[in-house]
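Visitor: give me a model of this one.
(2 chains)
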Amino acid sequence: MSQFIQQLINGLSLGSIYALIALGYTMIYGVLRFINFAHGDVYMVGAFSGYYLGRWLINSLGMQSSVLLLVVVLVGAMIFCALAGLVIERLAYRPLRNSPRLTVLITAIGVSLFLEYSGQVFFGADPKPFPALIPDRLISFGGLTFTNKGLIVLGVTIVLLIGLTFVVRKTKMGMAMRALSFNPTACSLMGINNNVIISFTFGLGSALAAAAGILSSLNYPVITPLMGLLPGIKAFVAAVLGGIGNIPGAALGGLILGVAETMIVGYGDRIHVPPSYRDAVAFVLLIAILLFKPSGLLGKGTVEKV
Amino acid sequence: MSLSSPPADRQKGSAYPKLWLIAAIIASLLVSQFVHLNPYFSIVVINIGINIILAVSLNLVNGYTGQFSLGHAGFMAIGAYSAAAVTSFGGARWFDSLGGVNNATTTSLFIVALTIGGLAAALAGLIVGVPSLRLKGDYLAIATLGFGEIIRVIIQNTETMGGSRGFSVSGIYTTIFWTYTVAAITVYVVVNLVNSAYGRGFLTVRDDEIAAEAIGVNTTKYKVVAFVLASFFAGIAGGLYAHFIGYLTPEGFGFMKSIEIIVMVILGGMGNTVGVIFAAVLLTILPEVLRPVQEYRMVIYSLMLIILMLTRPQGLFGGITWRRPAWLRKKRTPVEDGNPA
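Guide: Just a heads-up that it's a prediction; the model follows:
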């Protein structure tokens, strides 16, 4: 039983990474109706900006690994990626605002390749050890032992989720975002500048992806320029699982996916599924949800109008 | 919602399609018999041929039927591994029962292997296509991507086929002749199918699915037919690839390979076979040309893709109708040409 709870915590901690990336996918889909394939690579850029910022803070400013260091690196990387997201949107996607969705999709794939391969040129293709931002500690609680990092990942994710919910529900910007995803034409007729809102959404989503990049690098401290590929696709699956365009759905989908993967690795042998099938879990879930409820767990079905 | 709306693109009247087919096969036979390319060039030329098969077959799904598939590499993988399994595990028995290794037995073994590879991929295409083609647009793209990845993970976990270590194929049988013969057949089948009365159904599904249904076109059937046929050719291309490269790894058939094929289709202009062939040639040669700038070549490639989409979203060759010169065109009555005057 205690092993099960341990697995559950690990799963939730992995799932919160997926959830943070999935939120970006879902928000961008909400306002623009397209899959931003480059989102997984923004996550990679987040991890690398954290890597360089962290190393600079430790080596040049002599900061010790502490919670303060983690917060500074986290916020720094989030700001950097928010700006990167704005630039990507401005240069690659805005000129295509009225193009067919396929064109935008291909452009997104192009941006994704561009980020990956320029990452390989600028950062080098070899894996890099992520600096230890906080000291390792084991926390025992009622017969269970957790690493502090796993709990920090969960905690930071919850804080970010609350923050995001506040932004989307309570601020004018959030209200405009919801309006835009509801009906772009009506939204601009109400005096909202759609481009500003779309830029804001990209910034917000990219900042969350950066946070996911830092948090996952805490747990698995090796980063490479191609690290965003698989988590990016899986997070997209999480977004579809929860109902694309639906913010709580993305968080839920991410957590479900993380727990499912961890459970297959932990207990898959009992149902004759070797742990190496871990990467297939996401896609099996994806196909199941697409076949039985294509609008996702929390999504609303749409009716095609003629 | 239709994902693509390129302008009319049918090749007007295929006057001598069989002639073209035979000409292409004879040309490839002559080249492989009498022109001795150095090994590097023949590798590039065979690669071009395989990419033509992949791109033209995917074009049937993405370009002509308007269904966005992101899993083509998965079907190629099934074809590659099935064909490799036939020659590697069945090869010895085949040679024994047919009287030793000679030209005729290797050729027949190779043809059997390619066919089985194609059929296995077509079967997989049917299994994947029937459920997932109910989905539309982005969802279909993601579902096919998912299936492609599942195929890869399954191969990775199949120990008899080498798992993630890779599988070494027993014979190198692929030649320029075989590659281009298959490529010519693929082009022939796709072009003639789309230009046939039956094949108009694919175009109606792409142009307006609801209207197509309303006039009695069985849209699901057309989508599945396109998908299965495309998978079949992808499987054969996989078989050719396996017996050309000699060593298969599951990673070689990942998401990136599918993207590569998609890019060829987009660059050539969706639903434009001639354009797609040009794009396949161009995109196979491009990385070779960019070899001197090795580390920047993928950066340049991706930048070109973005710039192309921003400036020419219909593809390099999209929107161009290819007509053969007047002296090769069949005489038509003006009414048949849609131009009564």
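
Visitor: only C-alpha atoms for contact and neighbour calcs from this point on.
Guide: Fine.

Visitor: mind listing the helices in the chain by residue range?
Guide: Defaulting to chain A. A:2-32, A:39-59, A:67-88, A:101-123, A:148-170, A:172-182, A:184-189, A:194-219, A:229-242, A:247-267, A:278-292 (DSSP state H).

Visitor: could you do chain B instead?
Guide: For chain B, the helices defined by DSSP H cover B:17-34, B:39-59, B:72-97, B:103-132, B:137-156, B:176-195, B:200-207, B:209-214, B:219-245, B:255-268, B:273-289, B:297-311.

Visitor: elements contacting the first one?
Guide: The one in question is helix B:17-34. helix B:176-195 (3 or more C-alpha pairs under 8 Å, 6 or more residues apart in numbering or on different chains; DSSP states H and E).

Visitor: which positions in the stretch 201-306 of chain A make contact with chain B?
Guide: Neighbours of chain B within the stretch 201-306 of chain A, by C-alpha under 8 Å from any C-alpha of the partner chain: A:276-277, A:279-280, A:283-284, A:286-287, A:290-291, A:294, A:306.

Visitor: contacting residues for A:Val167?
Guide: In this structure, A:Val167 makes contact with A:173-174, judged by C-alpha atoms under 8 Å, 6 or more residues apart in numbering or on different chains.

Visitor: whoops, A:Leu229 was the one
Guide: Residues near A:Leu229 by C-alpha under 8 Å, 6+ apart: A:40-41.

Visitor: compare the helices of chain B and say which comes out lowest on pLDDT.
Guide: When the helices of chain B are compared on mean pLDDT, helix B:17-34 scores lowest, with a mean of 75.

Visitor: contacts for that helix?
Guide: B:175-177, B:180-181, B:184-185, B:188, B:192.

Visitor: so which bits of it are buried?
Guide: Buried residues in helix B:17-34, defined by neighbour count with 16 or more other C-alpha atoms under 10 Å in any protein chain shown: B:21, B:24-25, B:28-29, B:32.

Visitor: ok, stretch A:213-226 next?
Guide: Going by neighbour count (16+ other C-alpha under 10 Å), the buried part of stretch A:213-226 is A:213-219, A:221-226.

Visitor: redo the helices of chain A as JSON lines? Include distance to B:Ala80.
Guide: Below are the helices of chain A laid out as JSON lines (distance: least, C-alpha to C-alpha, whole Å):
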{"stretch": "helix A:2-32", "distance to B:Ala80": "33"}
{"stretch": "helix A:39-59", "distance to B:Ala80": "30"}
{"stretch": "helix A:67-88", "distance to B:Ala80": "38"}
{"stretch": "helix A:101-123", "distance to B:Ala80": "26"}
{"stretch": "helix A:148-170", "distance to B:Ala80": "42"}
{"stretch": "helix A:172-182", "distance to B:Ala80": "44"}
{"stretch": "helix A:184-189", "distance to B:Ala80": "47"}
{"stretch": "helix A:194-219", "distance to B:Ala80": "36"}
{"stretch": "helix A:229-242", "distance to B:Ala80": "24"}
{"stretch": "helix A:247-267", "distance to B:Ala80": "29"}
{"stretch": "helix A:278-292", "distance to B:Ala80": "21"}
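
Visitor: out of those, which one sits most buried?
Guide: Of all the helices of chain A, helix A:229-242 has the most neighbours on average by mean count of other C-alpha atoms under 10 Å in any protein chain shown, namely a mean of 28.

Visitor: so that one versus helix A:39-59, what angle?
Guide: When axes from the mean of the first three to the mean of the last three C-alpha atoms, to 10 degrees is applied, the directions of helix A:229-242 and helix A:39-59 differ by 120 degrees.

Visitor: that older thread, reformat the helices of chain A as JSON lines; add mean pLDDT.
Guide: Formatted as JSON lines, the helices of chain A follow (pLDDT from 0 to 100):
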{"stretch": "helix A:2-32", "mean pLDDT": "89"}
{"stretch": "helix A:39-59", "mean pLDDT": "92"}
{"stretch": "helix A:67-88", "mean pLDDT": "92"}
{"stretch": "helix A:101-123", "mean pLDDT": "88"}
{"stretch": "helix A:148-170", "mean pLDDT": "90"}
{"stretch": "helix A:172-182", "mean pLDDT": "90"}
{"stretch": "helix A:184-189", "mean pLDDT": "90"}
{"stretch": "helix A:194-219", "mean pLDDT": "93"}
{"stretch": "helix A:229-242", "mean pLDDT": "89"}
{"stretch": "helix A:247-267", "mean pLDDT": "91"}
{"stretch": "helix A:278-292", "mean pLDDT": "85"}
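
Visitor: the ones you listed: which one's closest to B:Thr65?
Guide: helix A:101-123 (14.1 Å; C-alpha to C-alpha).

Visitor: do you know how far the closest residue to B:Ile142 other than its chain neighbours is from B:Pro131?
Guide: Closest residue to B:Ile142 in three dimensions, ignoring its sequence neighbours and counting by C-alpha to C-alpha, 6 or more residues apart in numbering or on different chains: B:Leu70, at 7.1 Å. Using C-alpha to C-alpha, to the nearest Å, B:Leu70 is found at 15 Å from B:Pro131.

Visitor: and A:Val31, by the same measure?
Guide: A:Val31 sits 29 Å away from B:Pro131, taking C-alpha to C-alpha as the criterion.

Visitor: filter the contacts of helix B:17-34 down to the buried ones.
Guide: Among the contacts of helix B:17-34, those that count as buried by neighbour count (16+ other C-alpha under 10 Å) are B:175-177, B:180-181, B:184-185, B:192.

Visitor: and the residues you listed, which is closest to chain A?
Guide: For the buried ones among the contacts of helix B:17-34, the residue nearest chain A by C-alpha to the nearest C-alpha is B:Asn192; the value is 26.3 Å.

Visitor: which parts of the stretch 1-150 of chain A sit against chain B?
Guide: With C-alpha under 8 Å from any C-alpha as the criterion, the stretch 1-150 of chain A meets chain B at residues A:34-35, A:92, A:95-96, A:100-104, A:106-107, A:110-111, A:113-114, A:117-118, A:121.
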